[in-house]
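Colleague: 3D, please:
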Amino acid sequence: MLALAFVPAEGGGGGFTGTLIMLMAFVAIFYFLLIRPQKQQQKRHQEMVQSLKRGDEVATVGGIVGRIVHVKDDRLTIKTAEDTRLVVERDKVARKFAAAAEEES
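Modeller: Reported below is the predicted structural model:
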């Protein structure tokens, strides 16, 4: 029975076309399920990082939560407690909390 699985099909002309279509389908599925969503997520993160400004409440990749008190080109100073300030790279900000400015007003 196992030997029948390795016997070439009669006619042999449609095997390559079917294989090529199946390979292209796998590439398309791989692209739409893995590559495209990851690129979209990277784009959203980059836009969020570029829009950071003084007063925004953020969380870093390491889990530190604080408020931005100073902004430079590629670094941010975050105030985490009364007298604690940390300097972090912009790209290490994981997320920005919404409505941080409205809570203080």
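Colleague: so residue 86 makes contact with residue 64?
Modeller: Yes. Counting by C-beta atoms under 8 Å, residue 86 does reach residue 64; the two are 6.6 Å apart. C-betas here are computed from N, CA, C, even on glycine.
Colleague: next, show the common contact partners of those two.
Modeller: Taking C-beta atoms under 8 Å, 6 or more residues apart in numbering as the criterion, residue 86 and residue 64 both touch 78, 80.
Colleague: quick one, domains of this structure?
Modeller: With automatic domain parsing as the criterion, the domains of the chain are listed as 13-48, 53-104.
Colleague: can the ones you listed go into a markdown table with extra columns for mean pLDDT and mean neighbour count?
Modeller: Shown next, in a markdown table, are the domains of the chain (pLDDT from 0 to 100; neighbours: other C-beta atoms under 10 Å):
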| stretch | mean pLDDT | mean neighbour count |
| --- | --- | --- |
| domain 13-48 | 91 | 10 |
| domain 53-104 | 89 | 13 |
